[in-house]
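In: Give me a model of this one.
(one chain, ligands or ions: 1)
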Amino acid sequence: MTKFNELNLNPKVLKAIEEAGYETPTPIQEGAIPAALEGRDVLGIAQTGTGKTASFTLPMITLLARGRARARMPRSLVLCPTRELAAQVAENFDTYAKHLKLTKALLIGGVSFKEQDALIDRGVDVLIATPGRLLDHFERGKLLLTGVQIMVVDEADRMLDMGFIPDIERIFSLTPFTRQTLFFSATMAPEIERITDTFLSAPTRVEVARQATASETIEQGVVMFKGGRRDREASQKRNVLRALIDAEGEKCTNAIIFCNRKTDVDICAKSLKKYGYDAAAIHGDLDQSQRTKTLDGFRDGSLRLLVASDVAARGLDVPSVSHVINFDVPGHPEDYVHRIGRTGRAGREGKAITICSSRDEKALAAVEKLIQKEIPRLNNPIEADDSKADSPKTENQPKAADTKKSDRRKSEPRTEREPRKDREPRKDREPRKDKEAKGRGRRDDRGPAVVGMGDHLPSFIALSFDERRAG
Ligand code: AMP
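Out: Residues are numbered from 1 along each chain as shown. This is a model prediction of the structure:
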């Protein structure tokens with residue numbers, strides 16, 4: 001087995017690696033580091049959790065330590081699809097470069113340009129950026145990329161999902177033709193193949209096995225969930241979620257709960273909080289300071305439940321997560337592997353529980369095909385009949401006195417509320433004339449109209465409502 005000190009890395013980098021407690025390079029590191037140090041382009045096909053960040057930061061730092069900056073222009077550039085991932089790469093850079101005098105700037109959205117401008121003006125060795133913010137700086141005339149000798153593209157498949165490929169192509173064209181490129185993607189979609197064919201020159205290809213096989217320490221289970229009435233399904237599902245968390249009890253020291261949609265991330269986090277759970281949401285629409293605060297809380301253990309979207313959770317390095325709960329089966333089966341890979345890290349035991357509603361059964365079959373095993377079925381802790389969904393008898397239901405009625409109206413999605421039993425549904429009301437109500441013609445299966453809210457629905461209620469109908 002190769003050792004780090006056989007890889008030709010800078011001795012000060014080796015010292016930092018030792019201090020980080022790494023004993024041997026991971027397969028992607030073993031494959032990518034020697035090629036990168038020889039100045040070759042690298043195409044790394046690997047996912048988060050394989051050690052891929054170090055596989056490009058370690059050689060990059062070694063190469064930068066060999067040379068000298070000229071004319072204050074950035075000498076290297078790392079592009080990441082999300083702010084979180086960029087911030088994490090920056091942290092890795094700080095860890096591995098701590099015994100060297102190299103400078104970096106983190107260029108991500110959601111923070112002011114001023115500080116970033118000041119760093120760029122002073123001159124940095126490494127830029128770590130999301131594509132949009134980097135191009136914003138370029139367009140403001142603040143940045144020249146003609147000094148970039150090493151360019152890293154991390155998680156290119158995610159860039160593709162997020163529509164960043166044109167930006168990436170543009171950024172490639174702003175850097176010198178002679179640059180060295182280290183390019184990482186979990187999968188090789190045809191569009192990614194096109195980019196690598198265009199911009200990489202005779203790359204060394206390093207492919208590591210899917211993480212699917214590396215998750216032996218993760219206990220997996222799926223709860224098949226059959227919703228009752230359509231209009232109550234979402235709230236029943238949240239009920240199942242709470243019951244699952246309760247059933248795990250103290251074993252669930254902390255958990256990441258994944259939802260497929262941002263709106264559900266918000267609704268789930270709000271609902272959990274309402275029921276007294278220590279939960280917060282993280283997704284791309286929250287401002288940076290809020291995201292950082294939430295993540296820091298989760299890392300230091302002061303926050304127990306992190307409700308997240310795939311994109312926001314991408315690349316998060318949270319070393320000890322006891323549980324991952326998939327509120328939805330992910331649409332892309334690879335995301336399942338990513339999600340559950342957040343637990344059971346570094347040989348620790350972890351548990352991943354997925355809630356699968358009837359409409360997600362196909363997605364579940366795709367996941368099982370990818371991981372080549374059947375996920376054990378768990379008992380549904382709650383029989384999904386209408387009478388139990390979020391009913392006032394549910395154990396964890398907050399007492400009525402805890403929440404003022406007016407607050408509840410503001411904060412509860414429509415489906416969380418019991419229809420009033422003391423009244424017949426209003427039959428005299430005209431169906432809504434808006435185009436959604438007319439177009440889909442599905443009013444009938446929504447059960448009795450919820451009365452008493454008039455037309456002044458808070459916008460998020462309308463959203464979850466529409467989403468549910470769309471599903
Ligand atoms: P990554 O795939 O870059 O997200 O890395 C996943 C995790 O593995 C991070 O927590 C790293 O700190 C850790 N790691 C990276 N390289 C090694 C190594 N050679 N030995 C042990 N842990 C590592």
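In: what lines up beside the strand or helix carrying Lys351 in the sheet?
Out: Taking DSSP states H and E as the definition, one finds Lys351 inside strand 350-357. Here strand 350-357 has these sheet partners by DSSP bridges: strand 218-225 (parallel), strand 323-326 (parallel).
In: Kindly report which one of those strands carries the lowest mean pLDDT.
Out: The weakest mean pLDDT among those belongs to strand 218-225, with a mean of 91.
In: How far off centre is that strand?
Out: 20 Å (C-alpha atoms, centre = their mean, to the nearest Å).
In: Show residues contacting it.
Out: Contact with strand 218-225 is made by 236-237, 240, 244, 340-341, 343-344, 349-358, 364, 375-381, 384, as judged by C-beta atoms under 8 Å, 6 or more residues apart in numbering. Any C-beta I mention is one placed from the backbone N, CA and C, and that applies to glycine too.
In: Mean neighbour count for the strands paired with strand 350-357 - can I get that in TSV?
Out: TSV is the format used below for the strands paired with strand 350-357 (neighbours: other C-beta atoms under 10 Å):
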stretch	mean neighbour count
strand 218-225	19
strand 323-326	25
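In: Residue numbers of the stretch 1-150 of the chain in contact with the ligand?
Out: Tyr22, Pro25, Thr26, Gln29, Thr48, Gly49, Thr50, Gly51, Lys52, Thr53, Ala54 (C-beta under 6 Å from any ligand atom).
In: you'd agree Asn380 is up against Val240?
Out: Yes: taking contacts as C-beta atoms under 8 Å, Asn380 lies within contact range of Val240: 6.5 Å.
In: Would stretch 180-197 count as contacting the ligand?
Out: No: applying C-beta under 6 Å from any ligand atom, one finds stretch 180-197 out of contact with the ligand, separated by at least 9.5 Å.
In: tell me which residues in that stretch are buried?
Out: Gln180, Thr181, Leu182, Phe183, Phe184, Ser185, Ala186, Ile192, Ile195, Thr196 (16 or more other C-beta atoms under 10 Å).
In: Next: stretch 227-239.
Out: Gly227, Arg229, Asp231, Arg232, Glu233, Ala234, Ser235, Gln236, Lys237, Arg238, Asn239.
In: same deal with stretch 278-295?
Out: Buried, per 16+ other C-beta under 10 Å, within stretch 278-295: Ala279, Ala280, Ala281, Ile282, His283, Gly284, Leu286, Arg291, Thr292, Thr294, Leu295.
In: Farthest-apart pair in those residues, please.
Out: Greatest spatial distance among these (C-beta to C-beta): Ala279 and Gly284, at 18.2 Å.
In: so where's the stretch 101-250 of the chain shaky on pLDDT?
Out: Residue ranges of the stretch 101-250 of the chain with pLDDT under 70: 209-216.
In: ranges for the strands of it?
Out: 104-107, 126-129, 150-153, 180-185, 204-207, 218-225 (DSSP state E, counting those that start in this stretch).
In: Please render the ones you listed as a markdown table that adds distance to Asp94 to the earlier fields.
Out: Converted to a markdown table, those look like this (distance: least, C-beta to C-beta, whole Å):
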| stretch | distance to Asp94 |
| --- | --- |
| strand 104-107 | 8 |
| strand 126-129 | 10 |
| strand 150-153 | 16 |
| strand 180-185 | 19 |
| strand 204-207 | 25 |
| strand 218-225 | 30 |
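In: returning to what we had before: need the strands paired with strand 350-357 in a markdown table (columns: distance to Leu107).
Out: Converted to a markdown table, the strands paired with strand 350-357 look like this (distance: least, C-beta to C-beta, whole Å):
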| stretch | distance to Leu107 |
| --- | --- |
| strand 218-225 | 35 |
| strand 323-326 | 31 |
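In: In JSON lines: the ones you listed, plus distance to the ligand.
Out: Supplementary listing: these in JSON lines, determined by distance: least, C-beta to the nearest ligand atom, whole Å:
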{"stretch": "strand 218-225", "distance to the ligand": "15"}
{"stretch": "strand 323-326", "distance to the ligand": "15"}
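In: what residues go with each domain of the chain?
Out: Taking automatic domain parsing as the criterion, the chain consists of the domains 4-207, 218-389.
In: how long is the longest one from one end to the other?
Out: If I follow you right, that is domain 4-207. Domain 4-207 has an end-to-end distance of 19 Å (C-alpha to C-alpha, to the nearest Å).
In: just how off-centre is it within its chain?
Out: Offset of domain 4-207 from its chain centre (C-alpha atoms, centre = their mean): 20 Å.
In: again with the shortest one
Out: Put simply, domain 218-389 sits 12 Å off its chain's centre (C-alpha atoms, centre = their mean).
In: before we move on, the earlier item: now list the buried members of the contacts of strand 218-225.
Out: For these, buried by 16+ other C-beta under 10 Å: 236-237, 240, 244, 340-341, 343-344, 350-357, 364, 375, 378, 384.
In: all helices of the stretch 251-400 of the chain, in order?
Out: 262-274, 288-299, 310-313, 333-340, 361-371 (DSSP state H, counting those that start in this stretch).
In: Those helices into TSV, with extra columns for mean pLDDT and distance to Lys12?
Out: TSV is the format used below for those (pLDDT from 0 to 100; distance: least, C-beta to C-beta, whole Å):
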stretch	mean pLDDT	distance to Lys12
helix 262-274	94	41
helix 288-299	85	27
helix 310-313	72	32
helix 333-340	84	33
helix 361-371	91	40
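In: Leu85 is nearest to which of these?
Out: Nearest of the helices of the stretch 251-400 of the chain (C-beta to C-beta): helix 310-313, 9.4 Å.
In: my read is Gly49 is in a strand, agree?
Out: No: judged by DSSP: H, G, I helix; E, B strand; the rest coil, Gly49 forms no part of a strand; its state is coil.
In: which residues touch Arg140?
Out: Counting by C-beta under 8 Å, 6+ apart, Arg140 has contacts Phe113.
In: Tell me the spacing between it and Pro74.
Out: From Arg140 across to Pro74, the span is 15 Å (C-beta to C-beta, to the nearest Å).
In: same thing with Arg299?
Out: Arg299 is 29 Å from Pro74, by C-beta to C-beta.
In: Out of those two, name the residue with the larger neighbour count.
Out: Pro74 (26 against 16; other C-beta atoms under 10 Å).
In: Now do the closest residue in space to the more buried one that isn't next to it in sequence: how many residues are near it, please.
Out: Of all residues not flanking Pro74 in the chain, Leu127 sits nearest, at 4.5 Å (C-beta to C-beta, 6 or more residues apart in numbering). Using other C-beta under 10 Å, the number of residues around Leu127 comes to 26.
In: isn't Leu127 right up against Lys104?
Out: Yes: assessed by C-beta under 8 Å, Leu127 is found in contact with Lys104 at 7.3 Å.
In: right, so of the strands paired with strand 350-357, which gets closest to Phe258?
Out: strand 323-326 (5.1 Å).
In: Can you show me the helices along the stretch 51-200 of the chain?
Out: Going by DSSP H, counting those that start in this stretch, the stretch 51-200 of the chain shows helices at 52-66, 83-96, 113-122, 131-139, 156-161, 165-174, 190-199.
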